[in-house]
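# Here you go, sequence then predicted model.
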Amino acid sequence: MVITQERTQVTAKDFRSTQKSTWCPGCGDFGIMNAVQTALVNAGVAPWQVLIVSGIGCGSKLPDYINVNGYMTLHGRGATIGCGAHLANTSLQTIIIGGDGDSFGIGIGHMIHNMRRNMDVVHIVENNEVYGLTKGQYSPTSKRGFKTSTSPEGAIEFGINPLALALSAGATFIGRSFSGDPKHAASIIQQAMEHKGYAIVDMLQTCPTYNKLQNVDWYKSQTYKIEEERPNYDPKDPVQAFQLAMEDDGRYPLGVLFKNDDRPTYSEQIPVYQKDSRPIIEHSLELDSQFFESLKETYV
Amino acid sequence: MVITQERTQVTAKDFRSTQKSTWCPGCGDFGIMNAVQTALVNAGVAPWQVLIVSGIGCGSKLPDYINVNGYMTLHGRGATIGCGAHLANTSLQTIIIGGDGDSFGIGIGHMIHNMRRNMDVVHIVENNEVYGLTKGQYSPTSKRGFKTSTSPEGAIEFGINPLALALSAGATFIGRSFSGDPKHAASIIQQAMEHKGYAIVDMLQTCPTYNKLQNVDWYKSQTYKIEEERPNYDPKDPVQAFQLAMEDDGRYPLGVLFKNDDRPTYSEQIPVYQKDSRPIIEHSLELDSQFFESLKETYV
Amino acid sequence: MAQKNKISIKIAGAQGQGAGSGGQGLAKVFKRAGLHVFGIFDYMSLIKGGHSFFQLTLSDQEINANTEKFHIVVSFDPQNVQETVGDIHTLQEGGLFIVDDSINLKPEIEAAVNEVGAKLCKIPMIKLGTEIGGNKIMANTVALGAVVGLTGTPFEILENIVAENFAKKSKEIADKNVAVAKAGFDFGSQNLKSEFNFSMPQSNKDKVAGKMLINGNEAIAMGSYAAGCRFFSAYPMTPGTSVFEWFTKDNAKLGVVTKHVEDEIAAVCMAIGAAQVGARAMTSTSGGGFCLMVEGLGLAGITEVPIVVVDAQRGGPSTGLPTRTEQADLLFAVNSSHGEFAKIVLAPGTVEQCYEAGVRAHNLAAKYQTPVIILTDLLMADHLKDSSKEDYYIPEVDLGKVVSKEELDKLGEDEKYLRFKFTEDGVSPRALQGHPKSVHAPATDEHDETGHITEDASNRLQMMEKRMKKLESAVNDIKGPEFHGPENADLTLIVWGSTYGAALEAVQLFNSDEANKQKINLLHFTEVWPFPVKLTEEALKKVKLSMSVEQNYTSQFCKLLRAETGYVPNKLINKYDGRQITPEEIVREVQKLLSESLVAA
Amino acid sequence: MAQKNKISIKIAGAQGQGAGSGGQGLAKVFKRAGLHVFGIFDYMSLIKGGHSFFQLTLSDQEINANTEKFHIVVSFDPQNVQETVGDIHTLQEGGLFIVDDSINLKPEIEAAVNEVGAKLCKIPMIKLGTEIGGNKIMANTVALGAVVGLTGTPFEILENIVAENFAKKSKEIADKNVAVAKAGFDFGSQNLKSEFNFSMPQSNKDKVAGKMLINGNEAIAMGSYAAGCRFFSAYPMTPGTSVFEWFTKDNAKLGVVTKHVEDEIAAVCMAIGAAQVGARAMTSTSGGGFCLMVEGLGLAGITEVPIVVVDAQRGGPSTGLPTRTEQADLLFAVNSSHGEFAKIVLAPGTVEQCYEAGVRAHNLAAKYQTPVIILTDLLMADHLKDSSKEDYYIPEVDLGKVVSKEELDKLGEDEKYLRFKFTEDGVSPRALQGHPKSVHAPATDEHDETGHITEDASNRLQMMEKRMKKLESAVNDIKGPEFHGPENADLTLIVWGSTYGAALEAVQLFNSDEANKQKINLLHFTEVWPFPVKLTEEALKKVKLSMSVEQNYTSQFCKLLRAETGYVPNKLINKYDGRQITPEEIVREVQKLLSESLVAA
Ligand SMILES: Cc1ncc(C[n+]2csc(CCOP(=O)(O)OP(=O)(O)O)c2C)c(N)n1
Ligand SMILES: Cc1ncc(C[n+]2csc(CCOP(=O)(O)OP(=O)(O)O)c2C)c(N)n1
Ligand code: SF4
Ligand code: SF4
Ligand SMILES: [Mg+2]
Ligand SMILES: [Mg+2]
């Protein structure tokens, strides 16, 4: 969303917190946290102008470690709680954040409905292809064959294709980046924030504890930037986007896969906001007694 | 799935029940019920060889009105209950059936995970683009602008695109038919049944009570058969399928949109079934005492 | 107390054939004519067809339940007439059974009419409907007109209501319907009035005509709106849907955000998200949907977000009896969600109490920053009763302890706003996110005063105590049970929520019958958690013999009562077939218990 | 009863540094050496870092709880040592505080050691680890060796265990670790043994060495498997995950279908689907996941499908304290899901009872065709205790009333199989779908004997009564509470589930202390729903003064006890900081109550 509040001069310092992180050394979540901060600084969004709603998981603890409005909620439900907050206070920049289990596993239903509604929020998925906080079970994005305590012979199901799914579900901005490249990640997040409508960022993330193979080097060799390899790529074309999303050369394209600026957002179409665009929490609660009498009169 | 039990000579009579239906006169669910029966008859699947697991909604009452094994469960959960039944008794032909609200609204998460797992079940969506049993609220497939008690100014969100979504989620058979054409519907359902792997049938359905515009005539003019209009259409090509699914000329293509026979099903990969393919409910429960002692020994 | 004069009318028919709306229309007619009314539609879990009926009771005094027997049974549609044997058996001796004269009645039907000593009235519904209105469907209007006519109610009232109802359609349709109604009316007054040997209740137009005819769900919605609720997310589920639909229907006019969401998890979660940023928010559902909300209640509990959830109970378990009434979610609601946190449960028993519950729920939620559950049921949700406009007052909106933007502005550089500050009463002053001085991030993990996650044992103890203290504070706000009926009664009915209506009528029925030497009263609970232990113990001191009446199998309220006070009623009455208990059933049980205890004494 | 001799050891460290596995290894060493052990890992909700510790108590008799004070505290990793002040304060006077000798201890650390009168033992962990093992990480092994050495335990036992643990890796690694352990062992026996002034408990190798060291979750899983559970669907949630992982880990060998699903709704629903077609099926979770399962419980309740759900409670509400213990889901579990249906709730209190609960849950579920909940908690789920192999018997598999294929074959043409046949005890003979004669389609709507949907009132009454009768039948199968300790005690501790362990130790501690003139015992509930009213009332007759001990805020069990029997204990003790209560805490409360009641008398 494009926040309507005035931009502030903010620096990384404004986001600094004294809270000690509990992430493992080398966890990709550090890079993602950095990227989020950088994106906010670059977009001129102050800590009090943003609301980061997260689920439960390692990555969902992110709002605990920076100085920012946050709400650390339930596993899988950040997606819908964030939209509730957004609809009631449309002036906050709402960012939903959660792990791959949180977002694509238990929470996928909410996510898909948010997408088709074009809810004006950003959803960042900290996608480490594993359940971190519960100690390393396979996740909906895990590769086939991935061996974990709940898939001792290797996972026998196909992982979710987040990009293709988002495209088909109607997301109007689909981006992907990598925790090990905070600069790129920050830029994608900022673009997502500045997009009017629903934006998903599939943020590939290293988990050195439970997904040892997919370390920073591995990702560096298994990712490429769309803009570099495909200079003619048109993110407005859904068919191209689908082809790219379905392409299975084992590598992950990074960048903006898809962008559609033509769909109205959900909140801007809401009747009450069409009459008065201030957030509903700023509307007066006072009852017009005549109006109230007229409501009662319908029952006589 | 291709049921392994012996085929039986069955006729429509075998499915007849004395139970009185409670559907509105003219409801499309009658046509769907007919189609299901015909498909079973044509496939040679007897009432005791099939299990129809449904959710809650008008259409979900289907198993109550024919003579068939059924399980009428919870709103949105037929999708996962059906898979549980399938995994435990892989010899039953498992059909999941539910409304558009049931399947694409509350139940969409289960459906997507079933698809990517290639669960060997058929899921028929009775898609009347409205919530019937709760008296006509708009549904996840309702058209934008559809006026109902919960969308008095017309729905402001974009409906789900079931075909595109299924494709991106990894469904290996995607079909669509119409309740007003029970013959076509029966044929698509039969093909879905005979497909090895996950099959979804998006069954367009009339609801003369709450979706008056979209009556049989309307659908007749708004649908076309893929095989007729696109003789060269290749259902194995996901990109063609995507294009067709996204095409927005206001009309619905009917037929088999996509079919992929190359993915292993979930159940056939399960370790225990690789060792002994009989349904788990037929495996002996007797404990080998030596084996049990060895389990205990690991704790000494 | 003078014996009430009651006349009861039943309109039977297949669903979708107008028995429901017809009954509602009649209720309005009689109310405007100055009679107190009580009405409810008894319907099946299907859309068209089946067999359903509207039950309407008219009285010269306020009335809170239908009677067991009816003075008039009308059967609307030809097909369904053949299924009315059961309805005929609910006729009073001498009552009228009104059907279309062209129907070839099955012998059982006539036999049933004879058996109960009722009169069979065949009237030309279809004929008049077709001839005058040009449409068979108008047969219904003929029948309604006939009922109005035979009861001697002025035609203008019916005329106005028919005209109002069809105003949205064309003038022509409205006129036709009025004409048809008139034909029915004339037929009724000319041919049936003389057959009707019951005296109508005394009407009081001045007092009653201007009252509202509102049901419990509408009243909860209106109360919630009046108390400032401006965000409503929900997923349809009978009988909870209509609270939501009150908001959606007029959302633009009301200035509210409503969201029909994908499931009940989203319903409660979106409301919590909205409430977290400062909206007064709610959702409504029934038991099955409530199941999906209980994890959300814990979220609201630990992050101390005010939120209101309506659980309109229906016949359970599971899908159960979707269109029938029950009070079997009480212990589930009170104990809902894992772990322990403050939660408030209200259980209004009249439409006026529903309005008040709507108001109080939002105010209590804000005051104690905690979820509030309104436990109602299908009977309460759906029944119509005349209700005084004054009871729908403009309430105070209690925002609870808030830190305003101005107060935040004044905070010094180093003063940190503490969202979960430890306080005497457990309630921390609440500042909203969106101000430079109030930046905070609450967690559902145990947290410290700022909201940051911590596992520290002593913080845990303090934080648990802080949150649980809110229950101790809130209990002082909870209404105790109220007696209705004479003091010093020989027997007290113990009821909660909607069973109040039938119990009140039972008290009046019993006490006004001179054959009964003893007196009974009732004790009614409308707010059940935190349990008002002290007020209950005081009230119970005044109880001699007691009998509980609950619409469930296991006497859930009595379990709660015993757990909290040790008290066990002398007899437990349970009704669990999904049909509301009648005053007459209660009176019979009272008589049994009184005679038993006489023997025992 | 002779006083137990106990020695307690604490291994502290950051998570991921081996305190947990080290503690487990030590437990195994001492058990094989013939000592009874009790151990639990106290950890935080994070993966690496933080401050956690393994608590291990050794004894000459069976032991069921850790002590409050420790004789040895070892701190593993250099960084974390500086956070051990709290741990040092749990040291006995004269106890040893063992750290690496290269660490520059903060002054507070040394001060704390002095304050408690403990001894600081600096040992060359890192040095020996690096020199002999070639890796700093082996410092841990040095420390473990030292503890084994200083306690005078034979080295071969440690050697075997180290070798077994590293068997999966290379022989070289195993050998290195053994060598490092030996170096630590030698250091311990040479330099620390003399410092250690406590006598080790008498060992009994014959009796103890061959016992199992198993935790509650493993025992539940094993019992379930032994009772025929062959389908397990679940979603990870601490501390419920490890029941599931027992099944997944060896699924091929066990011959079971396991499914890690997308959420807890699917977990319970898949299990129900599997159970509907005849698999013995289960799921496991913790409170938050259990919230999402309650709608499914109602489905199983009304369609009478046997299903087992494990709720391993943790600190609530909501996310709460994910890795800490609590008993606060009791009333939620008992009352879970809307409406009313038969449900059974077991609450085992020892690992052996966990095994039995696994067995009984599946048998009772099948016998009564209803959901069974096993309510356990983090303490029960995670703690290790030596346990006799004989307690892990091969059980009878009770399939309940089944109609076999052969019986179905014999059914005549017109005989219809009735899935929900009305019977005396409420249980209908169950035939599986998949046979020509058993075709049926159960509904979650109210249904008739065939399973078809009906709203008929009299069928509803009969069907509700049928389902609820199962509770009356089942209560005869439910185990009543058991006394432990002397008869005719002056005070009885009332406990349920896992608080048994600390209470039992408290009873022994109190009664074996000659200073205490009175005697106490305990009454332990392991099966809580349907509530064993009669057996409880009988037991309570033998209780003089009573004190409940629960790991929750609101004394949930006592609420249930009062609701069902009217009984209220004289004092309610609650612990809700997520740390298990210790025997010593209980004894202090006992002493307080006894002296109070002495004053009062
Ligand atoms: C309803 C519910 N189910 C399960 C859990 C346990 N749980 C906590 S985090 C988590 C998954 C973590 O994986 P992911 O979302 O990928 O986040 P990560 O830890 O990898 O960042 C689970 C299952 C929970 N908190 N709530
Ligand atoms: C958990 C839950 N929420 C809500 C309901 C109420 N409900 C019953 S059917 C239905 C939707 C019906 O729509 P659809 O699935 O499209 O089926 P249709 O009636 O149109 O065939 C709803 C919301 C329920 N039974 N359970
Ligand atoms: S487990 Fe993985 S995701 Fe979690 S904190 Fe550690 S490295 Fe990060
Ligand atoms: S409401 Fe619609 S879907 Fe339901 S039975 Fe009637 S016509 Fe069919
Ligand atoms: Mg993850
Ligand atoms: Mg529908």
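Now that the structure is in, tell me what you want to look at. Ligands and ions are numbered 1, 2, ... in the order given.

# Mind telling me which residue of the stretch 101-250 of chain A is nearest chain C?
A:His113 (4.4 Å; Cβ to the nearest Cβ). All C-beta atoms are positioned from the backbone trio N, CA, C, and that covers glycine.

# Give me the nearest residue to that residue, chain neighbours excluded.
C:Glu262 (4.4 Å; Cβ to Cβ, 6 or more residues apart in numbering or on different chains).

# tell me the mean pLDDT for whichever strand or helix holds C:Thr258?
Secondary-structure assignment from DSSP states H and E places C:Thr258 in strand C:257-260. For strand C:257-260, mean pLDDT rounds to 98.

# hmm, it touching ligand 2?
No. When contact is scored as Cβ under 6 Å from any ligand atom, no part of strand C:257-260 falls within range of ligand 2; the minimum is 10.0 Å.

# Sheet-wise, list the partners of that strand with their directions.
According to DSSP bridges, strand C:257-260 forms sheet pairs with strand C:231-234 (parallel).

# helix or strand right after the partner strand?
On the C-terminal side of strand C:231-234, the closest following helix or strand by DSSP H and E is helix C:241-249.

# can you tell if the helix or strand following that next one touches chain A?
Reading on from helix C:241-249 to the C-terminus, the next helix or strand found by DSSP H and E is helix C:251-254. Yes. Among the residues of helix C:251-254, C:Asn251, C:Ala252 lie within reach of chain A under Cβ under 8 Å from any Cβ of the partner chain.

# which residues sit in contact with residue 188?
Chain wasn't specified; assuming chain A. Residues counted as contacts of A:Ile188 (Cβ atoms under 8 Å, 6 or more residues apart in numbering or on different chains) are A:Gly175, A:Arg176, A:Ser177, A:Val201, A:Leu254, A:Gly255, A:Val256.

# Please refer instead to chain C.
By Cβ under 8 Å, 6+ apart, the neighbours of C:Gly188 are C:Ile123, C:Gly145, C:Ala146, C:Val147, C:Val148, C:Gly149, C:Leu150, C:Thr151.

# Of the contacts of A:Ile188, which belong to helices?
The subset of these located in helices under the criterion DSSP state H is empty.

# how about the residues of the stretch 351-500 of chain C that lie near chain A?
Within the stretch 351-500 of chain C, the positions lying close to chain A (Cβ under 8 Å from any Cβ) are C:387, C:389, C:392, C:394, C:397, C:432-445, C:452-453.

# What's the end-to-end length of stretch A:126-136?
15 Å (Cα to Cα, to the nearest Å).

# how about the helices in the stretch 51-200 of chain A?
Per DSSP state H, counting those that start in this stretch, the stretch 51-200 of chain A has helices spanning A:62-65, A:78-88, A:100, A:108-117, A:162-169, A:182-194. These are given in chain order.

# mind checking how far C:Glu218 is from C:Ala381?
Distance, C:Glu218 to C:Ala381, by Cβ to Cβ, to the nearest Å: 9 Å.

# Find residues that contact each of these two.
Here C:Glu218 and C:Ala381 share the contacting residues C:Ser242, C:Val243, scored by Cβ under 8 Å, 6+ apart.

# ok, those two, which is more surrounded?
C:Ala381 (29 against 24; other Cβ atoms under 10 Å in any protein chain shown).

# C-terminal to the helix or strand that the more buried one is a member of, which secondary structure element comes first?
Assigning secondary structure by DSSP H and E places C:Ala381 in helix C:378-382. Reading on from helix C:378-382 to the C-terminus, the next helix or strand found by DSSP H and E is strand C:384-387.
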